[in-house]
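Engineer: here's my sequence, what's the structure:
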Amino acid sequence: MVKQKIEFIKVKDLILWTENPRDPINPEASDQDIVDLALNEHSSKWNLQKLAKEMGSHYDFSELPTVVFHEKKPIVYDGNRRIILGKIKHQYVSTNGAKKIDILEFPEEIPCNVCSKEVGLKNIYRKHAESGSWQALERDIFLHKHMNEEKSNFLIIEESTGIISLNKSMNQGFVKKELFNDDALKKIGFEIKKGVLTSKHSQDQAQNILMDVAQKVNKKKINTRHSRGKILSVLDPDSKEIISLNKRKPLKSVNIAVTVIAKKTQEKNEPKKQIQSRRTKNSKNDLFGGIIYLKHGVVSDLYRDITDLYNYSLKEKGSLSNSFPSLIRMSLRLLCEAAAIDSNKDMDKYIKSHFANAKTSLDKDVKTTLSSHNINEGSIRQLLHIGAHNYTASKNIEITIAISIILGGMLSISHGKENST
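Structural biologist: Here you go, the predicted structure:
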């Protein structure tokens, strides 16, 4: 038989629950610490002003707080917001300069549903998780921490990256069920293995892909009405390209610092105007890294034709489609093949012969750009191949320019005016 009873307990004696799923805090925190959090740092989570208004002119005895005694301490498992209002009304805690909350009436002693921990937890789950008053993440935290269930994919991803708590729009049931289920995660290069988030991507790439997912949810490019279950299709071309390049790579654990994700999320959420102003610096974004001087022949002719085509696209940008950069990207493979044939090598051997030396000639910023786009000796051939055959991926002009810079360095070595083949 379930044991629970109604007891009147003084508001001043009731202790706020530090493990409240709404906003868990250090177990050693005091009531005042929790009130400070509820009024200042996380006020939008607690909405105390709204609750005080909803309570009206008097305290409703039909809404009983759930209380579990830990030894002799009455801990409020459910009803913490109401108890905070009571403690504020009777000055058992301080608002520390927070906006005044109008609380018309609150008794000093109130009826509570006193029960065992097991009963209290079941009551809380029924009231909040099943009614929808908790969001997806809070529900999963509660189930794991208090109901002994295994961590969900959703919770594992949050603990490894912080991406959900840093993007409020991600804390939704459809994100958990449709974007972070096993099949959807595999499509973007992630898997949960024995309770650990693993990925085929580098840490930086994993961060960027997850932030791309968050951005698409934030901007409602994917929601319950649009692109449901189509996580891969809505991602940016560079994300798709990274996913394609890393398909055959082994999985490794991912543990991304929350501060890194927070910084990158903030940068990506900056107003569009600020992002555009940073990109007006084109001195290091010229095709092939600037003018290169090649000896007379087919390779030089192709190089000049591609450069002219690129300059034309810049001049006529307003009249060309967004797909025009695909032509530039596709032509880079043709140029690399021509250079390899002219050097009596296949493309793999040509790249292997010149990539490392070409990279040493680049400055630190350009090397960082290559690294951020996963352009290395092992991936460039596949990048050139994807650019020639994958229409969507080849539209990414930033990757195209990065590839052209290292290709320009290789051409300068193999076909420069002062060099022999």
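Engineer: excluding its backbone neighbours, what's nearest residue 303?
Structural biologist: Nearest residue to residue 303, sequence neighbours excluded (CB to CB, 6 or more residues apart in numbering): residue 294, at 5.8 Å. C-beta coordinates here come from the backbone N, C-alpha and C atoms, glycine included.
Engineer: I'd say that neighbour and residue 302 touch.
Structural biologist: No - using CB atoms under 8 Å, residue 294 is not in contact with residue 302, being 9.5 Å away.
Engineer: if we can go back for a sec, state the phi and psi torsions of the residue nearest to residue 303.
Structural biologist: phi -110, psi 150 (degrees, to the nearest 10).
Engineer: any weak-confidence spans in the stretch 1-150 of the chain?
Structural biologist: For the stretch 1-150 of the chain, residues meeting the criterion pLDDT under 70 lie at 1-2, 41-42, 130-132.
Engineer: now the strands: where do they sit in it?
Structural biologist: Under the criterion DSSP state E, counting those that start in this stretch, the stretch 1-150 of the chain carries strands at the ranges 4-10, 15-16, 66-70, 73-78, 109-115.
Engineer: any idea what residue 4 is bridged to?
Structural biologist: Under DSSP bridges, the beta-bridge partners of residue 4 are residue 115.
Engineer: residues contacting it?
Structural biologist: 113, 114, 115, 116, 119 (CB atoms under 8 Å, 6 or more residues apart in numbering).
Engineer: mind checking how far the fourth one is from residue 66?
Structural biologist: Taking CB to CB, to the nearest Å as the measure, residue 116 falls 11 Å from residue 66.
Engineer: more neighbours: which of these two?
Structural biologist: residue 66 (22 against 13; other CB atoms under 10 Å).
Engineer: can I get the strands of the stretch 1-150 of the chain in a markdown table with distance to residue 369?
Structural biologist: Below are the strands of the stretch 1-150 of the chain laid out as a markdown table (distance: least, CB to CB, whole Å):
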| stretch | distance to residue 369 |
| --- | --- |
| strand 4-10 | 64 |
| strand 15-16 | 51 |
| strand 66-70 | 56 |
| strand 73-78 | 53 |
| strand 109-115 | 61 |
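Engineer: tell me the first helix or strand C-terminal of the helix or strand hosting residue 384.
Structural biologist: According to DSSP states H and E, residue 384 maps onto helix 380-389. Downstream of helix 380-389, the next assigned helix or strand under DSSP H and E is helix 397-415.
Engineer: what pairs with the closest residue in space to residue 124 that isn't next to it in sequence across the strands?
Structural biologist: Counting by CB to CB, 6+ apart, residue 78 is the residue found nearest to residue 124 once chain neighbours are left out, at 4.9 Å. Bridge pairing for residue 78 (DSSP bridges) gives the partners residue 66.
Engineer: give me the distance between residue 78 and residue 127.
Structural biologist: Distance, residue 78 to residue 127, by CB to CB: 7 Å.
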